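Enquirer: The sequence and its predicted three-dimensional model are supplied below.
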Amino acid sequence: MLWDIFCRVIDNHGDIGVCWRLAAQLARRGERVRLRVDDASALAWMAPLGEPGVEVLPWSSHPGPGDVVVEAFGCELPQAFQALMAAQPRPPAWVNLEYLTAESFAERSHGLPSPVMAGAGAGLVKRFFYPGFTPRTGGLLREPGLVAAPAATNAVRRVSMFCYEPAAMPALITQLAASDEPTELLVTAGRATAAVRAVLGTSQRQGQLSVTYLPLMPQPGFDALLASCDVNFVRGEDSLVRALWAGQPFVWQLYPQHDAAHHAKLEAFLDWLDAPPAWRDFQRAWNGVTPALPVFEPRAWADTALAARQRLLAQEDLVTQLLRFVRQPANTSSAGS
C-alpha cells in the first residue's frame, strides 16, 4: 500500500521522531511511504541515510492520496488534500494517530470513528488510533525482532540526560556531585545541554560528577546510548518508548502544559508502571508536581523497569496493529459506506 503520513513539527524532535520511525518501519515491511512534513530539517541528523521506500515531501506538496492517510497528533490535513481524498472513487483509509498516554480514555477511544462534518473532507470518516501500553490500545513502535540489550555493566555510573528545563536540575546536579558513586552524565544536544550548563556554567566536573556534552545523533545512535547507560532521563514520547525498550531505570519528563494536564498523564503512567513509592516521588518532583527532589536511588527501580519491558514485549507492536487496522473492512473513510 501507499501511505501518506502528515506531520507538523511542534516540539523540537518528538513529532518528527515518531513519524520517521513509523515511516521507516512501514517501509521495512514492504509498504511505500510519503512523509509530508512542514519542517524536515531534523531528519538531516536524525536519519541522515534516509530509508528505502520512504519519500520526504513538503507539507503542501501536490501528489494526491494513496491508500492510507495518517494524520499525526491531530495535525489538520490541508483542505486541498482533503478535497482530493473526497474525490477518490474509494477514499483512502484516514487514521488520526494520537499522542501516547496511559490514561483510561486511550482504551475507550482507540478505533472509534470520527465523521468529518464540514470543510473539503465533509462526508469522510477518520478513525482514532491510540498508541498505548495495554492490549486494548494500539501498542508501541518496536522493530520486528527487537532483541533487548543486556543491562549495562559500567565501572562508573552512566546517566543519559534528554530533558526540557526541569526546575529540579540544580538539586540533581548537587546530589550527583556529592554522591559516593562517580557518575558520568551524558547530555544530549539542545535544550538538555542548555539546562545543565545553566547550573554548571562552563565546568564539566563537580565533585563525583563528570559531564560530557553530546552532538546531535541519529536515532540508532540515540537508542544505543540509552541501552549503554545505567539510568536514562528522557522526555516526550519517542524517547520514553526507547527507554522502556532499553530496560533500564529511567526518569520521564512530560511536555509541560499550562493547565498542568501532564500531571494526570504522569500519574496514569506511574500506575501502569506499578512504580514503587520512591520512584513515583522522584518522577513527580522532576515534573514539578512536588517541590523537593528525593534521593536519587535508581538501583531500586531496576526490577520494575525490567518487568514493564517484559509486559510490553508480550504485546503486539504498533505497526503490526496499524496494518491490520487499516485493512479492516469497517475502516473506510466514506461515511456513507
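Expert: Noted; the coordinates are in hand.
Enquirer: Can you list the buried residues in stretch 20-31?
Expert: W20, R21, L22, A23, A24, Q25, L26, A27, E31 (16 or more other CB atoms under 10 Å). Quick note: C-beta positions are derived from backbone N, CA and C, even for glycine.
Enquirer: Give me the residues contacting the helix or strand that V56 is a member of.
Expert: Using DSSP states H and E, the element containing V56 is strand 54-58. The contact list for strand 54-58, computed with CB atoms under 8 Å, 6 or more residues apart in numbering, reads 23-24, 27, 32-38, 40, 43, 50, 63.
Enquirer: just stretch 167-184 next, same as before
Expert: 154, 156-159, 163, 166, 185, 195-196, 198-200, 206-212, 285-286, 288, 292-293, 295-296.
Enquirer: could you flag which of those residues are buried?
Expert: Buried, going by 16+ other CB under 10 Å: 157-159, 163, 166, 185, 195-196, 200, 206, 208-211, 285-286, 288, 293, 296, out of those.
Enquirer: Narrow the residues you listed to those in helices?
Expert: In helices, defined here by DSSP state H, the members of the buried ones among the contacts of stretch 167-184 are A195, V196, L200, A285, W286.
Enquirer: hang on, A44 is in a strand, isn't it?
Expert: No: A44 is assigned helix when assessed by DSSP: H, G, I helix; E, B strand; the rest coil, not a strand.
Enquirer: Which pLDDT value does the model give it?
Expert: pLDDT recorded at A44 is 96.
Enquirer: That one - how many residues pack around it?
Expert: Using other CB atoms under 10 Å, A44 has 10 neighbouring residues.
Enquirer: Could you do the one 10 residues further on as well?
Expert: When counting by other CB under 10 Å, one arrives at 23 neighbours for V54.
Enquirer: cool, Q79 as well?
Expert: Applying other CB under 10 Å, we find 11 other residues in the vicinity of Q79.
Enquirer: Could you report the distance from it to S203?
Expert: Distance of Q79 to S203, computed by CB to CB, to the nearest Å: 53 Å.
Enquirer: Could you do A120 as well?
Expert: Noted for A120: a distance of 56 Å to S203, by CB to CB.
Enquirer: Could you do L176 as well?
Expert: From L176 to S203 the distance is 13 Å (CB to CB).
Enquirer: More neighbours: those two, which one.
Expert: Neighbours per residue, other CB under 10 Å: of L176 and S203, the larger number sits with L176, 22 against 10.
Enquirer: Report the secondary structure state of that one.
Expert: Under three-state DSSP, the three-state class of L176 is helix.
Enquirer: Likewise for V251?
Expert: Assigned with three-state DSSP, V251 falls in the strand class.
Enquirer: Identify the residue nearest it in space, chain neighbours excluded?
Expert: Nearest residue to V251, sequence neighbours excluded (CB to CB, 6 or more residues apart in numbering): F233, at 4.8 Å.
Enquirer: neighbours around the one you found, how many?
Expert: Look at F233: counted by other CB under 10 Å, it has 25 neighbours.
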